[in-house]
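Peer 1: no sequence on this one, just coordinates:
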């Protein structure tokens, strides 16, 4: 779950004592008996204890208006990248986590990719790969454009890719039926056990998936830029000049861009 320091400090009224932090990533650490509550600088709040103790802390947190959104047990978080970019295809990543993995991800400073500059993404992605199991599906524009025609739209394709990545990650797990799938909500999302707006901010496994998806997206754009002979821009706002250059080169736009995008149509 996400929390602010002043909210967590209210736990002291419930008998919690403040302790010294144990890593540079920690903002605050409180304890009461065997229960440990740690607030990280990313805003992630982790509670350590048995089920009964965690329930007691959640009850106290509800009184401070912190809504407990953290899911316990084994979960898979998924997110995508390049969905709204003119250049590049689409990437979906999933990350599997239990309570121990979530703690390690928080200690590593993992947070939603939107809060991380491009140059830090590879380093953060490396940490995630060392900590958690993951799966990545990366479609380059050529395959994306074929699938968009086949599946009649990006929403159907996204649903398929999120479900496919989730199934691939859990297929060998003995308790796969109990593993919850958390998806960062997008328009038309019909997959996942928990579909939540801003899930990448509320669930660290989804944040980790967003980092891996972003890293793969950046790799795609580098590969496509080399093939184009110049740097292709991210996003969809300042892309006309790049599309014009590709047309002048008589390049196959379906190799570089999403040809179903309206801003691409004049250059086809």
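Peer 2: That came in fine, so what should we check first? Note that the structure is predicted; figures quoted are calculated from it, not measured.

Peer 1: Point out where the stretch 1-150 of the chain drops to low pLDDT.
Peer 2: For the stretch 1-150 of the chain, the stretches flagged by pLDDT under 70 are 1, 62-72.

Peer 1: the helices in it, which residues?
Peer 2: 5-8, 51-63, 99-107, 121-131, 141-150 (DSSP state H, counting those that start in this stretch).

Peer 1: I'd like to know which of those helices lies nearest to residue 207.
Peer 2: Each of the helices of the stretch 1-150 of the chain has some distance to residue 207 by C-beta to C-beta; the shortest is helix 99-107, at 7.8 Å. All C-beta atoms are positioned from the backbone trio N, CA, C, and that covers glycine.

Peer 1: re the thing from before, any idea which of the helices of the stretch 1-150 of the chain is most buried?
Peer 2: Most buried of those by mean neighbour count (mean count of other C-beta atoms under 10 Å) is helix 99-107; its value is a mean of 19.

Peer 1: Just tell me which of the helices of the stretch 1-150 of the chain ends up closest to residue 232.
Peer 2: helix 141-150 (10.4 Å).

Peer 1: for that closest one, packing partners?
Peer 2: helix 154-170 (3 or more C-beta pairs under 8 Å, 6 or more residues apart in numbering; DSSP states H and E).

Peer 1: Would you mind getting the angle between the helix it packs on and helix 141-150?
Peer 2: Relative orientation of helix 154-170 versus helix 141-150 (axes from the mean of the first three to the mean of the last three C-alpha atoms, to 10 degrees): 110 degrees.

Peer 1: Residue numbering should commence at 55 henceforth.
Peer 2: All set: I'll call the first residue 55, so the last point we hit is now helix 208-224.

Peer 1: what residues does helix 208-224 touch?
Peer 2: By C-beta atoms under 8 Å, 6 or more residues apart in numbering, the residues outside helix 208-224 that reach it are 130, 132, 134, 137, 144, 146-148, 150, 187-191, 193, 198, 201-202, 205, 230, 233, 235, 237, 240-246, 314.

Peer 1: 7 Å instead, please
Peer 2: 130, 132, 134, 137, 146, 148, 150, 187, 189, 191, 201-202, 205, 230, 233, 235, 237, 240-246 (C-beta atoms under 7 Å, 6 or more residues apart in numbering).

Peer 1: what is the rounded mean pLDDT of it?
Peer 2: Helix 208-224 comes out with an average pLDDT of 95.

Peer 1: residues contacting the residue nearest in space to the middle of the chain?
Peer 2: In the chain, the centroid-proximal residue (C-alpha atoms, centre = their mean) is residue 264; its distance is 2.5 Å. Residues counted as contacts of residue 264 (C-beta under 7 Å, 6+ apart) are 133, 166, 167, 254.

Peer 1: can you check residue 202 too?
Peer 2: 208, 211, 314.

Peer 1: one more time with 6 Å, if that's ok
Peer 2: residue 314 (C-beta atoms under 6 Å, 6 or more residues apart in numbering).

Peer 1: measure it to residue 210 for me?
Peer 2: 9 Å (C-beta to C-beta, to the nearest Å).

Peer 1: can you check residue 200 too?
Peer 2: Separation of residue 200 from residue 210 (C-beta to C-beta) stands at 14 Å.

Peer 1: just residue 180 next, same as before
Peer 2: To residue 210, residue 180 is 33 Å away according to C-beta to C-beta.
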